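Novice: what's the 3D shape of this:
(4 chains)
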2 protein chains.
Amino acid sequence: MPEKYLENCLYFTVNKLSRVITKMAEESFRPTGISPTHGFLMMLVNNKPGITQSELAEELHMTPSTITRFVDKLVVKGLAERKVQGKMSHIHPTEAGTEIQRELEKAWKDLFRNYSDILGEEEGKALTKATHLAAGQLDS
Amino acid sequence: MPEKYLENCLYFTVNKLSRVITKMAEESFRPTGISPTHGFLMMLVNNKPGITQSELAEELHMTPSTITRFVDKLVVKGLAERKVQGKMSHIHPTEAGTEIQRELEKAWKDLFRNYSDILGEEEGKALTKATHLAAGQLDS
DNA sequence: ACACTATAGTTGTATGTACAAACAACAATT
DNA sequence: AATTGTTGTTTGTACATACAACTATAGTGT
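Specialist: The predicted model follows:
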């Protein structure tokens, strides 16, 4: 196993890319005061006030327990609130949550700009498409 | 922000793919009793007994503190031992560590087979190359 | 109305990984 | 030889995320 063979392992390269781009995303979202994933969650809530946690889990491809924790955090930060209704939790933005939306969109756009500038816009899009496709195929 | 726009975000798709393929890798490495990353670490040690932790960090693209912890685990499991020499730690396989090598290689091959069968071998390789390239470009 | 199953969410716990600060050993410079 | 800077490793702490087990509510068939 000569060392550089690692580069030929999808597990490896994807994980490295994940670490790198996560760092970029954290950078872009830093001004908003929340992490990228929390930011996406917040945007989804703003986009559809009253969305349930299972819907969020589905959109974000994350487990319900993770969503519970993320929503907890948004609530603690005063950006969202839970309206429990029967067995369902509907998540609504607070005023602060609504206000932060522009900033989040900007952060997101910045992130896109940043990696597109480095990778090339078309290449970035192609890679995004390819990873999306592969994730879908492998997830079964 | 219509929901499915998330699919157009590299941060998102890569993270999802990372979760999915990590799960596959854990599956493949389960028979070995250690996790994929520990497996790669072990293979590197077998490949070059006496390798230092910084070398390992470099190969694996991980931080030294992470390597410390991973090596700790291999040591606890009796697969490797540290020979501290001055400020450097040289990592050597134990007998058990040497013995596990075949199994690790098999696990790795299985992983490759598994995702190649689903993605198509050429497509898998292309994706691997693309992610490797992108990670390199973005990491600066 | 009652028992059974399915669905939504929560909680405890574990893993992988990072960063920052500390520490230890070595190197270079005065 | 003492000082200062550099390099390799470790430790404390933190975060994202998952799984398994649990609770609570809803729906269904008898």
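Novice: Please, which helix or strand holds residue A:89?
Specialist: strand A:88-93 (DSSP states H and E).
Novice: Can you list the buried residues in that strand?
Specialist: A:89, A:90, A:91, A:92, A:93 (16 or more other C-beta atoms under 10 Å in any protein chain shown). In this view, the C-beta of every residue, glycine as well, is placed from N, C-alpha and C.
Novice: Same check on stretch A:7-26?
Specialist: Residues of stretch A:7-26 classed as buried by neighbour count (16+ other C-beta under 10 Å): A:7, A:9-22, A:24-25.
Novice: Among these, name the ones in helices.
Specialist: Among the buried residues of stretch A:7-26, the ones falling in helices (DSSP state H) are A:10-22, A:24-25.
Novice: how about residue A:79, phi and psi?
Specialist: phi -100, psi -20 (degrees, to the nearest 10).
Novice: got a list of what it touches?
Specialist: A:34, A:42, A:93, A:94, A:96, A:97, A:100 (C-beta atoms under 8 Å, 6 or more residues apart in numbering or on different chains).
Novice: quick one: which of those residues has the most company?
Specialist: Greatest neighbour count in the contacts of residue A:79, by other C-beta atoms under 10 Å in any protein chain shown, goes to residue A:42: 25 neighbours.
Novice: which stretch of helix or strand covers it?
Specialist: Going by DSSP H and E, residue A:42 is part of helix A:36-47.
Novice: Name the nearest residue to residue A:6, sequence neighbours excluded.
Specialist: residue A:12 (4.9 Å; C-beta to C-beta, 6 or more residues apart in numbering or on different chains).
Novice: Tell me how far that neighbour lies from residue A:103.
Specialist: Here residue A:12 is placed at a distance of 35 Å from residue A:103 (C-beta to C-beta, to the nearest Å).
Novice: Residue A:112 too?
Specialist: Distance from residue A:112 to residue A:103, by C-beta to C-beta: 15 Å.
Novice: okay, the two: which has more neighbours?
Specialist: residue A:112 (19 against 15).
Novice: Tell me the pLDDT of that one.
Specialist: Here, the pLDDT recorded for residue A:112 equals 95.
Novice: So it is in contact with residue B:9, correct?
Specialist: Yes: with contacts counted by C-beta atoms under 8 Å, residue A:112 reaches residue B:9, the gap being 7.2 Å.
Novice: nearest spatial neighbour of residue A:80, skipping sequence neighbours?
Specialist: Nearest one to residue A:80, counting by C-beta to C-beta, 6+ apart, is residue A:74 at 4.1 Å.
Novice: Over to residue A:41?
Specialist: For residue A:41, ignoring the flanking residues on the chain, the nearest one in space by C-beta to C-beta, 6+ apart is residue A:70 at 5.3 Å.
Novice: try residue A:11
Specialist: Nearest one to residue A:11, counting by C-beta to C-beta, 6+ apart, is residue B:25 at 4.6 Å.
Novice: Correct me if wrong: that neighbour contacts residue B:34.
Specialist: No: between residue B:25 and residue B:34 there is no contact under C-beta under 8 Å: 11.4 Å.
Novice: quick revisit: now narrow the buried residues of stretch A:7-26 to whatever sits close to DNA strand C.
Specialist: A:15, A:19 (C-beta under 7 Å from any atom of the strand).
Novice: Below-threshold pLDDT in chain A: ranges please.
Specialist: The model of chain A has pLDDT under 70 over residues A:1-4.
Novice: Relative to DNA strand D, which residue of it is the closest?
Specialist: At 2.1 Å from DNA strand D, residue A:86 is the closest residue in chain A, using C-beta to the nearest atom of the strand.
Novice: how much space between that residue and DNA strand C?
Specialist: Distance, residue A:86 to DNA strand C, using C-beta to the nearest atom of the strand, to the nearest Å: 8 Å.
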